[in-house]
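J.: Provided below are the primary sequence and the corresponding predicted coordinates.
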Amino acid sequence: CLSDWSSDVCSSDLRNPSLILAIQSLFSVDIAPGVREALAGNISLDKSCQPKLMEDSDEYRQQIVYTMMSLASNPALSNDLQERMAKSEDNRIVASLAKNPTLSDALMKKFAVSDSDEVRAGLACNTSLPESLQARLIERNGGNVRKNLGGNPSLKVAQQAQLAVVGNVEVRLALLDNHSLDGQIKVRVIASF
């Protein structure tokens, strides 16, 4: 439970998708960082509460980035706020946004060619990532980008096969952990060890 505001409020309560708007609105202006961060992760977060969670104040300036990261990856995040967060100078926030399954196609394309490995690695986790961008991330990246892509349950079979060949040990282990891995590719990956 979150002790910052009340012992009666738990983070799971604030993430409850059936949390009514009046309660969301009340907690969106709470100064306790843990309360705001938990609410920012609510997948039914009302669009009217989202900008309030982005407001900065002296009381919680150090913790705002964690609230912003939670909000950025929230599928309920409005398109306007997605665009606003895409301009953040903090790569942690942009990387969290890149994971958002409701991310616009334009932002996905932008993040696929980002200068930041952290942002591209976040995008590789996005379950709505189209096949063309999956292929682009495999071609031009290594390390955590390919590893995250290998663990992405929406990874297409063609890209699974490509990662099985070009991926290092960590990438192939991520593929093996991927529950959507094609059976024939799984046999090839196992044989590669």
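T.: Nice, I can see it.
J.: Next, work out how far apart S25 and R15 are.
T.: Separation of S25 from R15 (CB to CB, to the nearest Å): 16 Å. Bear in mind the C-beta positions are built from the backbone N, C-alpha and C, glycine included.
J.: Compare these two and say which one has the larger neighbour count.
T.: Ranked by neighbour count (other CB atoms under 10 Å), S25 and R15 place R15 first, with 18 against 14.
J.: can you give me how far the lowest-mean-pLDDT helix or strand in the chain is from the chain middle?
T.: Within the chain, no helix or strand scores below helix 11-14, which has a mean of 81 by mean pLDDT, DSSP states H and E. Taking CA atoms, centre = their mean, to the nearest Å, one finds helix 11-14 lying 19 Å from the centre of the chain it belongs to.
J.: Quick one: the helices in this protein, in order.
T.: 11-14, 21-28, 33-40, 50-54, 64-72, 79-86, 91-98, 105-112, 117-124, 131-140, 143-150, 157-166, 169-177, 183-191 (DSSP state H).
J.: Quick check, pLDDT for R15.
T.: Looking at R15, its pLDDT is 87.
J.: so what's it up against?
T.: The neighbours of R15, taking CB atoms under 8 Å, 6 or more residues apart in numbering as the test, are 38-39, 41-43.
J.: Quick check on those residues: which are buried?
T.: Buried by 16 or more other CB atoms under 10 Å: 38-39, 41-42, out of the contacts of R15.
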